[in-house]
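Engineer: Can you look at this prediction? I've put the sequence above it.
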Amino acid sequence: MLLNLWATWCVPCRRRCRRSDALEQRLGGPEFEVVAVNIDTRAIAGKPRTWLEEVGVRSSPIYADPGRA
């Protein structure tokens with residue numbers, strides 16, 4: 001498992017999320033999974049999903065931890 005913590009305000013996250021998504025497309029399966037967790041604390045409903053679409057992330061499911069717990 002690769003855990004990728006990201007936020008819509010994080011500039012380096014744009015490239016990292018695209019790369020993580022490509023890695024999931026190439027190697028994802030029963031033995032490996034990329035788990036990307038959005039850590040925006042005040043995200044507007046739907047903003048993380050829109051951000052991922054703009055960045056070009058297509059394969060990774062969206063998980064969120066707005067309380068950073």
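Structural biologist: Thanks, I have it.
Engineer: where's R19, which helix or strand?
Structural biologist: Secondary-structure assignment from DSSP states H and E places R19 in helix 11-27.
Engineer: Give me the sheet partners of the helix or strand of the chain with the lowest mean pLDDT and which way each runs.
Structural biologist: The helix or strand of the chain with the lowest confidence, counting by mean pLDDT, DSSP states H and E, is strand 63-64 at a mean of 82. Strand pairing for strand 63-64, determined by DSSP bridges: strand 34-38 (parallel).
Engineer: The partner strand to helix 11-27, inter-axis angle?
Structural biologist: Counting by axes from the mean of the first three to the mean of the last three Cα atoms, to 10 degrees, strand 34-38 lies at 150 degrees to helix 11-27.
Engineer: Could I get the contacting residues of the nearest residue to W9 once chain neighbours are set aside?
Structural biologist: Of all residues not flanking W9 in the chain, D40 sits nearest, at 7.2 Å (Cβ to Cβ, 6 or more residues apart in numbering). From N, CA and C alone the C-beta is placed, and that goes for glycine too. Residues counted as contacts of D40 (Cβ atoms under 8 Å, 6 or more residues apart in numbering) are 7-9, 47-48, 64, 66.
Engineer: ok, residues contacting the helix holding R19?
Structural biologist: Residues outside helix 11-27 that contact it (Cβ under 8 Å, 6+ apart): 2, 4, 6-7, 33-34, 36, 52, 55-60.
Engineer: among those residues, which ones are buried?
Structural biologist: 4, 6, 34, 36, 52, 55, 57, 60 (16 or more other Cβ atoms under 10 Å).
Engineer: so the fourth one bridges to which residues?
Structural biologist: Read it as A36. A36 has these beta-bridge partners by DSSP bridges: N4.
Engineer: got any ranges where the chain has weak pLDDT?
Structural biologist: Along the chain, the parts satisfying pLDDT under 70 run over 43, 68.
Engineer: any idea how far W9 lies from I44?
Structural biologist: Counting by Cβ to Cβ, to the nearest Å, the gap from W9 to I44 is 12 Å.
Engineer: my bad, should have said E33
Structural biologist: 28 Å.
Engineer: Same question for N4.
Structural biologist: Per Cβ to Cβ, N4 is found 21 Å from I44.
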